[in-house]
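Undergrad: Have a look at this fold, sequence not included:
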C-alpha cells in the first residue's frame, strides 16, 4: 500500500490548472510542483517523518464520515488539544477558511484550502535544514507551526511545506554565566509549551515568564513577539528574559544568537516578530526564585439602577491602575456589557494582606458608589499553584480557542492618568455592541539591562488590551467576516482615537490592521528590516504583517507571488 504522503502527492498532481511562473510560489498541479519522487526523497531525508495533511475535520465529511469521531471533534473544537496534536490545524478559524471543519455539511468536500500541504514532524535541526532547502529548491511556500495559537494565521498557508516543532519539548536546566547575567536558566526547545516549562521550573524551586495560556509555546510567536505574563510587572516580558537562541537561517545553517554572537539577530528575535528571521530551535531564558504568590479575583455588575455608577467605577479603576502596578502587581481584567471582572491580580512575594491593601482604594470606590461586588484573595507558596488556580487547571488551562476574532491597542499610562473618562466612554460603547475587552495591566517600562526589539509603545503602556467579537461556527461565513471588518473599521479606531500615537501588541493585533508597520513596530521597523535583509535577503520567511512581508502578495486562492 502506498504511504499517505505518496497518495497525496499523486492526487495533488491532478488537481491544479495554473502555472506559478518565476515570481510566484508553486501550488499543487502547477508544472513546477515537486514530483512524487521528490517528496519521497525528502521523506527519506527526514527519516520518514514527512506528513501529508489530512485536515482533522475529515471525519465530518464524505467519504470519510464517522458520526462518533465527528461528534467528539465538535465537542473538543474550542479546546487547544485537537489543534496542538495536529500537524496542520490552527486555532483561528478564519485562516482555515472552512475548507474542512466539523461544522459544515457532511456532503461538502473536505479540501486542503489554506492548510499546509505537507509538514515535517521535526526531530532535530537537520530536519528543519532539509525542509528549508527543499522549499527553496522547489519554490514552495514555507511555514512554521508548533501549537497553532496565533491570531494572524502565521502557521499555515496554501501549498506550503511546514515544519512542525511540537515534539521538540525538552526543557533543560542551566547554570548560566556571562557578563550580563549569572544565575539559573532553562534551555527550552521549540515545541515546549508553557505548562511543561512551569513544571520543570517548579521542580527546581524556580519560575519562568510564560504566557497566561498554559499551552502556548515559549520559543515561537510568544517570545519573538514580546510575550506578556502575569509575572511581567516583576520580571518583564518574555523577550526581556531571553539569553540565547539556536536558529536555522534562510541559508540552511544552524547558528547561535546572543548578545555577544550574531547580536543583531538576537535583538530582532527578541520582540521583532515571529517566524520571520529564521526557525528558532531553542531559546534559553532566565529563571527566577519561586516565592509566595498572592492573588485576587473581583467582580461587579451593572443593574438597572446603577448604570452610571458602574461606569464611574470603571473610570476610577483605570485611574487607579497605574498605582496598583507601581506596587509590583499585574492585573488581568475582562469586560463585557455590564460586567467587570479582575481575574486575576498577581502579586509576587506578597501576602494576601498586601493584595487587600493594594486593592483597597478601588474597593473603597465601589463601596462609596454603593456597588455590590464579590472579591476573594489567595496566598500560595509557589507561582505554579497560583497559576493553576487562576489560569489552570493545568495542563491545558481554561481559555477557549476558535471562539473570537481580535483586535487590540496599547493603552499608554498617560491616557489613564489624564483621560480615564475617555477610556471608560470608549469601553462603554464597545461593550454595548457585544465587544469583549480584556486588559493586562502591567508596568514593563524599566526592563533593566536588556537588548531587544520590544515595540517602544509597549514600554509606555499601562495596559495591553484585546477586543474581540464572537465567532460562531454555524453562522453564515459572510456574517462572521462582516463582524470581523467591524473590528477594523469601527471598533479598533475608537481605541485609537483615545490613544493617539500609541500602537498595538503585535501578537494580539487585528490581521487587517491598516498602517501596520507603525502600529506594530513603530521606529523599530527600519532597523528590523535591515536585520531581515541581512539574514533573509530573498524574503524566504514570510508571515502576515511581518517585517518585510510587503515583498509578497497572497491572493484569495492562496497563490503567493512577489509584489510588483
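TA: That came in fine, so what should we check first? These numbers were taken from a predicted model, which means no experiment stands behind them.
Undergrad: Go ahead and confirm residue 96 touches residue 113.
TA: Yes - Residue 96 lies in contact with residue 113 (C-beta atoms under 8 Å); the separation is 6.9 Å. (C-beta placed from N, C-alpha, C; glycine too.)
Undergrad: So for the two, which residue has more residues nearby?
TA: Neighbour count, other C-beta atoms under 10 Å: between residue 96 and residue 113, residue 96 has more, with 24 against 17.
Undergrad: so where's the protein shaky on pLDDT?
TA: Scanning the chain for pLDDT under 70 picks out 1-21.
Undergrad: can you rerun that using 90?
TA: Applying pLDDT under 90 to the chain flags the ranges 1-22, 93, 564.
Undergrad: Nearest spatial neighbour of residue 366, chain-adjacent residues omitted?
TA: residue 373 (5.0 Å; C-beta to C-beta, 6 or more residues apart in numbering).
Undergrad: Next, give phi and psi for the one you found.
TA: Backbone torsions of residue 373, given as degrees, to the nearest 10, read phi -140, psi 160.
Undergrad: Also the one 5 residues further on?
TA: As for residue 378, its main-chain torsions (degrees, to the nearest 10) stand at phi -130, psi 160.
Undergrad: Do I have it right that residue 546 meets residue 277?
TA: No - using C-beta under 8 Å, residue 546 makes no contact with residue 277, being 9.1 Å away.
Undergrad: Have a look at the two and say which one is more surrounded.
TA: Between residue 546 and residue 277, counting by other C-beta under 10 Å, residue 277 is the more crowded of the two (28 against 25).
Undergrad: Specify the local secondary structure of that one.
TA: Recorded secondary structure, residue 277: coil (DSSP: H, G, I helix; E, B strand; the rest coil).
Undergrad: thought it was touching residue 533?
TA: No - Residue 277 is beyond contact range of residue 533, at 10.6 Å (criterion: C-beta under 8 Å).
Undergrad: Okay, helices next: where are they in the stretch 251-400 of the chain?
TA: 263-269, 307-325, 352-368, 383-391 (DSSP state H, counting those that start in this stretch).
Undergrad: Quick one: those helices as TSV, columns for mean neighbour count and distance to residue 419 too.
TA: Output for these, formatted as TSV (neighbours: other C-beta atoms under 10 Å; distance: least, C-beta to C-beta, whole Å):
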stretch	mean neighbour count	distance to residue 419
helix 263-269	22	34
helix 307-325	20	9
helix 352-368	16	18
helix 383-391	22	30
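Undergrad: Would you mind giving the domain segments of this structure?
TA: Per the record, the chain has its domains at 4-164, 171-290, 293-520, by automatic domain parsing.
Undergrad: Now the most centrally placed residue in the chain. Nearest residue, chain neighbours left out?
TA: Most central in the chain under C-alpha atoms, centre = their mean is residue 150, positioned 4.3 Å from the mean C-alpha point. Nearest non-adjacent residue to residue 150, counting by C-beta to C-beta, 6+ apart: residue 221, 5.8 Å away.
Undergrad: need the contact list for that neighbour.
TA: Residues near residue 221 by C-beta atoms under 8 Å, 6 or more residues apart in numbering: 149, 150, 154, 274, 275, 507.
Undergrad: quick one on the thing from earlier: of the domains of the chain, flag the one that's most buried.
TA: Counting by mean count of other C-beta atoms under 10 Å, domain 171-290 has the highest mean neighbour count of those, with a mean of 22.
Undergrad: That one: end-to-end distance?
TA: 17 Å (C-alpha to C-alpha, to the nearest Å).
Undergrad: didn't residue 466 look like it was pressed against residue 407?
TA: Yes - under the criterion of C-beta under 8 Å, residue 466 makes contact with residue 407 at 7.5 Å.
Undergrad: any chance of the helices of the stretch 251-400 of the chain in CSV, with distance to residue 560 too?
TA: Formatted as CSV, those follow (distance: least, C-beta to C-beta, whole Å):
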stretch, distance to residue 560
helix 263-269, 23
helix 307-325, 42
helix 352-368, 50
helix 383-391, 37
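Undergrad: Tell me which of the ones you listed sits nearest to residue 145.
TA: helix 263-269 (17.8 Å; C-beta to C-beta).
Undergrad: helices or strands up against the closest one?
TA: Applying 3 or more C-beta pairs under 8 Å, 6 or more residues apart in numbering; DSSP states H and E, we find helix 263-269 packed against strand 242-248, strand 254-258, helix 525-535.
Undergrad: could I get those as a markdown table with distance to residue 306?
TA: A markdown table is the format used below for the helices and strands packed on helix 263-269 (distance: least, C-beta to C-beta, whole Å):
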| stretch | distance to residue 306 |
| --- | --- |
| strand 242-248 | 47 |
| strand 254-258 | 55 |
| helix 525-535 | 46 |
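Undergrad: right, and the ones you listed - which one's nearest residue 301?
TA: Closest among those, using C-beta to C-beta: strand 242-248, at 40.9 Å.
Undergrad: between that closest one and helix 525-535, how many degrees?
TA: 40 degrees (axes from the mean of the first three to the mean of the last three C-alpha atoms, to 10 degrees).
Undergrad: quick one: strands adjacent to strand 242-248?
TA: Strand pairing for strand 242-248, using DSSP bridges, gives strand 254-258 (antiparallel), strand 279-286 (antiparallel).
Undergrad: Redo those strands as JSON lines? Include distance to residue 59.
TA: Output for the strands paired with strand 242-248, formatted as JSON lines (distance: least, C-beta to C-beta, whole Å):
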{"stretch": "strand 254-258", "distance to residue 59": "39"}
{"stretch": "strand 279-286", "distance to residue 59": "31"}
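Undergrad: the helices in the stretch 451-564 of the chain, which residues?
TA: 456-459, 477-486, 492-498, 516-520, 525-535.
Undergrad: quick one, strands of the stretch 1-150 of the chain?
TA: 50-52, 118-121, 142-145 (DSSP state E, counting those that start in this stretch).
Undergrad: Okay, now the sheet partners of the last one, with direction.
TA: Strand 142-145 pairs in its sheet with strand 161-164 (parallel), by DSSP bridges.
Undergrad: residues in contact with stretch 446-459?
TA: With C-beta under 8 Å, 6+ apart, stretch 446-459 has contacts from 180, 226, 236-237, 239-240, 242, 259, 263, 266-268, 270-272, 410, 412, 444-445, 464, 501-503, 505-506, 520-524, 527-528.
Undergrad: ok, residue 147 touching residue 166?
TA: Yes - under the criterion of C-beta under 8 Å, residue 147 makes contact with residue 166 at 6.8 Å.
Undergrad: Between these two, which contacts overlap?
TA: Common contacts of residue 147 and residue 166, defined by C-beta under 8 Å, 6+ apart, comprise residue 84.
Undergrad: thinking again about what came up before, which stretch among the helices of the stretch 451-564 of the chain comes nearest residue 204?
TA: Nearest of the helices of the stretch 451-564 of the chain (C-beta to C-beta): helix 456-459, 29.5 Å.
Undergrad: Cool, thanks, talk later.
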